[in-house]
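>>> below are the sequence and a predicted model; questions follow.
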Amino acid sequence: MYLPATTGGWKKKLRRVTEKDCSPSGFLLVFGPLVFIGRKERMSHIQLGGIDYAIMAIYVAAILGIGWTLARYMKTSSDFLTSARSIPTWVTGLAFISANLGALELVGMAASGAKYGIATSHFYWVGAIPAMIFLAVFMMPFYYGSKARSVPEYLKMRFDERVRALNSVAFAVMTIFASGISMNALAKLLNQLLGWNYHMALWICSGVVLLYVLKGGLTSAIYTEVLQFFMIVLGFAPVVYLGLKDVGGWHAMNQSLQTVATNPAALNLKEGSTHYAANAWTSAWQPLLAGPQNNPMGVDWFAMVFGLGFVLSFGYWCTNFLVVQRAMAAKNMTAARNTPLVAAVPKMLFPFLVIVPGMIAVALTSMPDKDYRIPPPIVSQENYTKAVEVVKKANPSESAAAVTAVAEALGVKVSGEKVAALVADNAKTKLSDEKIQNGIYNSIAEYDYDGVILSLVKKYCPPGLLGLALTALLASFMSGMAGNVTAFNTVWTYDLYQAYFAKDKSDKHYFWAGKVTTVVGILLSIGAAYFAAMYNNAMDIIQLVFGFVNAPLFATFLLGMFWKRTTGTGAFLGLFGGIGGSAVFHALTTTSSNVDAAGHVINGMKGGYLAVVSQFPSEMAQNFWLAAFAFIACFVLTLGISLVTRRTKTDDELKGLVYSLTPKVVDHAQAWYARPAFLGCVLLVGCVILNIIFW
Amino acid sequence: MGLDIRWPIGIMFTVVGVLLALQGLLAGPDANKLSLGININFGWGCVLLAFGLLMVFFAWRGKQSAK
């Protein structure tokens, strides 16, 4: 998945939290006496009231109720694993978008909104909408029409067993890790924010997911995704409203951001003497067209349009079974094709819900009277106490030494000016420890951007609304796990278990295999969550490798669907070539900030560990160019190898799988305005208009 | 697939809406300090309630037309 680089920071933040302390007793209201806890308050904990717990309990009751009600309709493996292709469009459409709107995206997009401003919306308007329309109009007829039960199965029909095996194994492993990373993040968040016990939070949330997925299968996951969609929209909209009202409205926010853009170093948003044009945070395209040095993303327009807008975006939306599965569960071909189109409408508007909070946070930080700052990285109470002692003992005449000592005690950068002022204040009138600690908190000159969304929730939400917003977040974490587990289920049961381990068994056998896989999938996810908590570097490497695996994928699908001459060998070797190409590209390029004065690479994880052939202005630019390179490598290799290898499938066998050999889907039964092609055009026009408005 | 999803969505938001609106009504004015003096719980609770009832209505109408 192509979250901006902020997710790394999010993980780092969570990594620092190791406490396994305490929980407010109200938690017991929701989950019964399962949790035994001591009580130890920490400054950053949010106190929840009875009403907040009640809202969480109602949500949990609702999703369990859905699972139980659906259980009676689960009779065959198809009911359980593919929803027996029976779900109406608006439901699959909202689930389609919801499966993508994970909690990490919610957090990451607000963070990017703060770091890059409205240009973050390129991840939606460039990096999603066109691909979703393409999927609906051109690709869905093959997925749905071929009667394949999964994307890997389509690959088997189109190419051969090897391509399916490669894709399904990679996908199965990836979904487990994705689900584990998300659950680890959730458990740590609950631990850090509310003081709940990490292990209990992980096991109980996973247990709830297990219960409703085990009962209702894919339908359960899809239904709760729809519920989650409304929870997120209705849970976060009031926060955005209050935030905008507080900064004085849209226009006032933009004005503040324009001041910030001309000197971002003043707010510690950028280092040193970086200056941008006034519209760097408020225009989506102008700073991009002005070149990578002139926008906070450090990306050029070609990398954005080709790397993100074409390769990564089409690769994700058109081939990732997690989202495509939602459309494949639709009740008929039209419903399946309209699924991504229904999803595109909210997707187009999401920037206002998920990116604007980041922009509000920057505007608020620039207004001294608002008493708000983007949260600093998490520092343990122990380190704060050390820093407080330093300030108390410091001599105002030697403030430089005090600044260094405070920074050392905290382990983060601090503003020399603010620490010096604090030392001077304390020397004049003895401040309380709490006040000193507050002063130190405000002097930290680094940001934990991933904390933005929750800091706004904390700032504006009274008990009640707070419960709603936190439940929305909880919901998106849990449905993220459910989405991954159900996709894993289908791919494991049909593409691996049935294909290689237990062919020709009864449907009942696969039905039960699906149920067992659900339990195993959840247990593996929990294992992956612990793995993520313990071996962060290994997890970073795993994610990097998955980036390599995914980057070239769309080239294989594009050639496979639209060129009948593409052979299985061409696709298989082309994919390997693309994956290898990504790895080589990464080994030979890095970002300019990752090279020291002597020209040595600082961190090999950021590339360039073999040699530095090229340097990019930002990690995002490097990622986009890597994707572009991998795509081209895979495309050229698949094309070349296909031309020199023999076709193994006849035209007849490829009917329904390749564009030129498939009768066009006739939409005449529908009114012209309800046809996917027309709706797709309308959506594209809407997307262009949004781009022009925020040009 | 058997269950019309509009039922659980509608019922859940109706209940949550009522709870939020009640919280807004019963909590003192101090409760609105965070939300810029706006009684956001009451206002938003009413929005959720309306949304919930609308969903229940659609689900009910769907059931009627299915009959």
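Nice, thanks for sending it over.
>>> state the distance from residue A:538 to chain B.
Distance, residue A:538 to chain B, using Cβ to the nearest Cβ, to the nearest Å: 39 Å. Placement of C-beta: from N, CA and C, glycine included.
>>> does that residue touch residue A:544 like I think?
No: shown here, residue A:538 and residue A:544 do not form a contact pair, counting by Cβ atoms under 8 Å, at 10.6 Å.
>>> more neighbours: the two, which one.
residue A:544 (15 against 11; other Cβ atoms under 10 Å in any protein chain shown).
>>> list the contacts of the helix or strand where that one lies.
Residue A:544 is part of helix A:536-550 when elements are defined by DSSP states H and E. Residues outside helix A:536-550 that contact it (Cβ atoms under 8 Å, 6 or more residues apart in numbering or on different chains): A:8, A:11-12, A:15, A:170, A:174, A:177, A:181, A:315-316, A:531-532, A:579, A:582-583, A:586, A:605, A:623, A:626, A:630.
>>> ok, and of those residues, which contact chain B?
For chain B, no contacts are drawn from these by Cβ under 8 Å from any Cβ of the partner chain.
>>> drop anything exposed from those.
Taking 16 or more other Cβ atoms under 10 Å in any protein chain shown as the criterion, what is buried in these is A:8, A:11, A:170, A:174, A:177, A:181, A:315-316, A:531-532, A:579, A:582-583, A:586, A:623, A:626, A:630.
>>> among those, which are located in helices?
A:8, A:11, A:170, A:174, A:177, A:181, A:315-316, A:531-532, A:579, A:582-583, A:586, A:623, A:626, A:630 (DSSP state H).
>>> for the residue nearest to residue B:6 when sequence neighbours are not counted, what are its contacts?
Among residues not flanking residue B:6 along the chain, residue B:59 sits closest, at 3.7 Å (Cβ to Cβ, 6 or more residues apart in numbering or on different chains). Applying Cβ under 8 Å, 6+ apart to residue B:59 gives the contacts B:4, B:6-7, B:10.
>>> including pLDDT, secondary structure and neighbour count, could those residues go into TSV?
Shown next, in TSV, are the contacts of residue B:59 (pLDDT from 0 to 100; DSSP: H, G, I helix; E, B strand; the rest coil; neighbours: other Cβ atoms under 10 Å in any protein chain shown):
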residue	pLDDT	secondary structure	neighbour count
B:4	88	coil	19
B:6	93	helix	21
B:7	93	helix	19
B:10	96	helix	21
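>>> go through these and name the one nearest residue A:241.
Nearest to residue A:241 out of the contacts of residue B:59 is residue B:10 (Cβ to Cβ; 23.4 Å).
>>> before we move on, back to that, mind exporting the helix holding residue A:544 as PDB, just the C-alpha atoms?
C-alpha atoms of helix A:536-550 as PDB (Å, rounded to 0.1, in the frame of the first residue of the first chain):
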ATOM      1  CA  ASN A 536      10.900  -3.200  14.100                       C
ATOM      2  CA  ASN A 537      13.800  -3.200  11.800                       C
ATOM      3  CA  ALA A 538      12.900  -6.600  10.400                       C
ATOM      4  CA  MET A 539       9.400  -5.300   9.900                       C
ATOM      5  CA  ASP A 540      10.700  -2.300   8.000                       C
ATOM      6  CA  ILE A 541      12.700  -4.700   5.700                       C
ATOM      7  CA  ILE A 542       9.600  -6.900   5.100                       C
ATOM      8  CA  GLN A 543       7.600  -3.800   4.100                       C
ATOM      9  CA  LEU A 544      10.400  -2.700   1.800                       C
ATOM     10  CA  VAL A 545      10.400  -6.100   0.200                       C
ATOM     11  CA  PHE A 546       6.700  -6.000  -0.300                       C
ATOM     12  CA  GLY A 547       7.100  -2.600  -1.900                       C
ATOM     13  CA  PHE A 548       9.400  -4.300  -4.400                       C
ATOM     14  CA  VAL A 549       6.900  -7.200  -5.000                       C
ATOM     15  CA  ASN A 550       4.000  -4.900  -5.600                       C
END
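>>> next, the buried residues of that helix.
The neighbour-count check on helix A:536-550 (16+ other Cβ under 10 Å) flags A:536, A:539, A:542-543, A:545-550 as buried.
>>> from the residues you listed, which is closest to residue A:205?
Distances from residue A:205 to the buried residues of helix A:536-550, taken by Cβ to Cβ, are shortest for residue A:539, at 19.2 Å.
>>> look up the pLDDT of that closest one for me, please.
Each residue has a pLDDT score; the one for residue A:539 is 78.
>>> how about the residues of chain B by chain A?
Residues of chain B lying close to chain A by Cβ under 8 Å from any Cβ are B:1-3, B:5, B:8-9, B:11-13, B:15-16, B:19-20, B:23-24, B:27, B:31-36, B:38, B:40-41, B:44-45, B:47-48, B:51.
>>> centre of the chain to stretch A:503-520, how far?
Put simply, stretch A:503-520 sits 30 Å off its chain's centre (Cα atoms, centre = their mean, to the nearest Å).
>>> equivalent analysis for stretch A:597-604, please.
29 Å.
>>> contacts for it?
Outside of stretch A:597-604, the residues within contact range by Cβ under 8 Å, 6+ apart are A:590, A:594-596, A:607-609, A:612.
>>> so which of the residues you listed comes closest to chain B?
Comparing the contacts of stretch A:597-604 against chain B with Cβ to the nearest Cβ places residue A:594 closest, at 41.6 Å.
>>> next, the closest residue to that closest one other than its chain neighbours: phi, psi?
Leaving aside its sequence neighbours, residue A:594 sits nearest to residue A:606 (Cβ to Cβ, 6+ apart; 4.5 Å). Dihedral pair for residue A:606: phi -90, psi 20, per degrees, to the nearest 10.
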